[in-house]
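Asker: Sequence first, predicted model second:
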Amino acid sequence: MSIPQSGGGPIESRDQLAQYLEAGCKPAEDWRIGTEHEKFGWRKSDLAPLPYEGECSILAVLSGLRDRYGWAPLEEGGKLIGLTKDGANVSLEPGGQLELSGAPLETIHQTCDEANAHLREVKSIADEIGAGFMGLGAAPIWSEQEMPVMPKGRYALMTRYMGQVGTHGTQMMYRTCTVQVNLDFASEADMVKKFRVALALQPVATALFANSPFFDGKPNGHVSWRSRIWRDLDASRTGMLPFVFEDGMGFEAYVDYALDVPMYFVYRDGKYIDALGQSFRDFLDGKLPALPGETPTLSDWADHLTTIFPEARIKKFMEMRGADGGPWRRICALPAFWVGLMYDQAALDAAWDLCKGWTAEEREALRVDASVRGLKAEAPGGGTMRDLAARCLSIAEAGLKARGRTGAGGLVPDETHFLNALKESVETGETPAEELLRLWETEWGGDLTRIYAAASY
């Protein structure tokens, strides 16, 4: 999850809220790719999740990255809770999941090199302290009681609130991992089209990257339990956002939506102030119970936007949020999928043509079925998710070819090879989750502890 935002002055007019989002518009030559991925850490000695402190711990990994590889520390309350370097940052999810939020880069070749370098650094330290890190969408065995709690004020507030608004919130916080990509838009119209494609086709990403078939030590009946969790977390801030597909959608419409999402906190002087359930509209009027008489800054608005969790969301860029965490090569496949669909106009038009006739009910049904059956889900208008995914990959491949961004000093002509892992899934009809289930039933003989080594980086 996000670190505190900064750099925004006082909000003097409501118009500034939409202007803040619109400030993200940039010409195509300035579009960038920011890839984020989370991973679970565990102790090799007893297969327990990494605690925050100790010889084999999250703190030891963060300290090692700082001391050996030159990452600058980020602290909260005197505790090391993150790192930053060269436009990227390393942060902690509530249960100690380690996240790399990559720098905005020009090509998937670069973002993949960044992810590879990060995983090599983490592994070099983890190997020395007896830790491992694995890519899965949900913790397969650990109970919530076993999960450590990271020393971040934001998470303490969220944990308290989650039980009031849904049934799966703390599962999301402490026992899930994702990989996502952040992309740019050129204008309000471009944002709207990309947002609609992102939301409608997010279930395709959920199916292709489905990698959480186990929970609480047994199969859970879904190929993506992480996706299932999001459906009963907090209806006010999650979902497929039907209003995005309505006439009049734009930055102002998203502002109206965001203002109706209850607040979590206000960040002041290094501390999170409890504003759970309170209204940002009241904050604009100087009537926030948590800070009577104060009005917000643009940093407060930026923070609030990070507490909204739909399947895709906008800030000054757009985040694709539907994929489970997974194996090394799929970290690079996720940006390839969305960049291919979004960063070439012909591909974007083709992607929109694919889904523009779907109803809100069909989009939601696809989301639900993707989490349960993955590529076997039923697609709107007939056929299967596997058929739909194949069409999406064909469009994405054409988009990446049209981009023509070379790698390896020009030896690699484009970025299409990053889609290979996804093509294999479509060819076999088997998601990563089903591969894990097959291994559990056969080679592992029902011993789920084998998954730690199998899923490790």
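Answerer: Received it, and whenever you're ready, just let me know what you need. Numbering: from 1, shown residues only.

Asker: Relative to Met240, how far out is Lys50?
Answerer: Residue 50: Leu, not Lys. 34 Å (CB to CB, to the nearest Å). The way it works is simple: take the backbone N, C-alpha and C, and place the C-beta from them, glycine included.

Asker: More neighbours: these two, which one.
Answerer: Leu50 (26 against 18; other CB atoms under 10 Å).

Asker: Tell me who's in contact with that one.
Answerer: By CB atoms under 8 Å, 6 or more residues apart in numbering, the residues touching Leu50 are Gly41, Trp42, Arg43, Cys56, Ser57, Ile58, Val61, Gly96, Ala131, Pro148.

Asker: Can I get the lengthiest strand in the chain in PDB, CA atoms only?
Answerer: Longest strand in the chain by number of residues, with DSSP state E as the criterion: strand 33-43. Taking Å, rounded to 0.1, in the frame of the first residue of the first chain, the C-alpha atoms of strand 33-43 are listed here in PDB:
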ATOM      1  CA  ILE A  33       5.300   2.100 -17.000                       C
ATOM      2  CA  GLY A  34       5.400   1.600 -13.300                       C
ATOM      3  CA  THR A  35       5.200  -2.000 -12.100                       C
ATOM      4  CA  GLU A  36       4.500  -3.000  -8.500                       C
ATOM      5  CA  HIS A  37       4.700  -6.500  -7.000                       C
ATOM      6  CA  GLU A  38       4.300  -7.900  -3.600                       C
ATOM      7  CA  LYS A  39       5.700 -11.100  -2.100                       C
ATOM      8  CA  PHE A  40       5.500 -13.200   1.100                       C
ATOM      9  CA  GLY A  41       8.500 -13.700   3.200                       C
ATOM     10  CA  TRP A  42       9.000 -16.800   5.300                       C
ATOM     11  CA  ARG A  43      11.500 -18.500   7.600                       C
END
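
Asker: Put the alpha carbons of stretch 255-265 into PDB.
Answerer: Output in PDB follows, covering the C-alpha atoms of stretch 255-265 (Å, rounded to 0.1, in the frame of the first residue of the first chain):
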ATOM      1  CA  VAL A 255     -14.100  13.200  -7.800                       C
ATOM      2  CA  ASP A 256     -17.800  12.800  -6.900                       C
ATOM      3  CA  TYR A 257     -17.300   9.100  -6.400                       C
ATOM      4  CA  ALA A 258     -14.100   9.600  -4.300                       C
ATOM      5  CA  LEU A 259     -15.700  12.200  -2.100                       C
ATOM      6  CA  ASP A 260     -18.400   9.700  -1.200                       C
ATOM      7  CA  VAL A 261     -15.800   7.100  -0.100                       C
ATOM      8  CA  PRO A 262     -15.500   7.300   3.700                       C
ATOM      9  CA  MET A 263     -12.100   8.400   5.000                       C
ATOM     10  CA  TYR A 264      -9.600   6.300   6.900                       C
ATOM     11  CA  PHE A 265      -7.200   9.000   8.300                       C
END
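
Asker: If you drop the residues flanking it in sequence, what lies closest to Ala455?
Answerer: Met134 (3.9 Å; CB to CB, 6 or more residues apart in numbering).

Asker: From what I see, that neighbour and Leu436 are in contact.
Answerer: No: between Met134 and Leu436 there is no contact under CB atoms under 8 Å: 11.4 Å.

Asker: Quick check: neighbours shared by those two?
Answerer: Ile451, Ala455.

Asker: okay, those two: which has more neighbours?
Answerer: Leu436 (25 against 21).

Asker: in a helix, that's where that one is, yeah?
Answerer: Yes: the assignment for Leu436 (DSSP: H, G, I helix; E, B strand; the rest coil) places it in a helix.

Asker: ok, back up a step: ok, the residue nearest to Ala455 to Tyr457 distance?
Answerer: Taken as CB to CB, the span from Met134 to Tyr457 is 7 Å.

Asker: what sits in contact with each of these two?
Answerer: In contact with both Met134 and Tyr457: Lys39, using CB under 8 Å, 6+ apart.

Asker: Need the three-state assignment for Arg321.
Answerer: Arg321 ends up strand, using three-state DSSP.

Asker: actually Thr159, not the one I wrote
Answerer: Under three-state DSSP, Thr159 comes out as helix.

Asker: burial of it, as a residue count?
Answerer: That count, for Thr159 with other CB under 10 Å as the rule, works out to 15.

Asker: Apart from its chain neighbours, what residue comes closest to it?
Answerer: Thr170 (6.0 Å).

Asker: ok, now Phe195?
Answerer: According to CB to CB, 6+ apart, the nearest residue to Phe195 is Val244 (5.4 Å).

Asker: Is it correct that the one you found is in contact with Leu199?
Answerer: Yes: Val244 is within contact range of Leu199, at 5.9 Å (criterion: CB under 8 Å).

Asker: When the two are compared, which one has more neighbours?
Answerer: Leu199 (25 against 21).

Asker: quick one: that one from Ile314, how far?
Answerer: Leu199 is 11 Å from Ile314, by CB to CB.

Asker: how long is stretch 61-81 from one end to the other?
Answerer: End-to-end distance for stretch 61-81, by CA to CA, to the nearest Å: 11 Å.

Asker: What lies in contact with that stretch?
Answerer: 3, 41, 50, 52, 59, 82-85, 89-92, 98, 121-122, 124-126, 128-129, 131, 150-153, 270-271.
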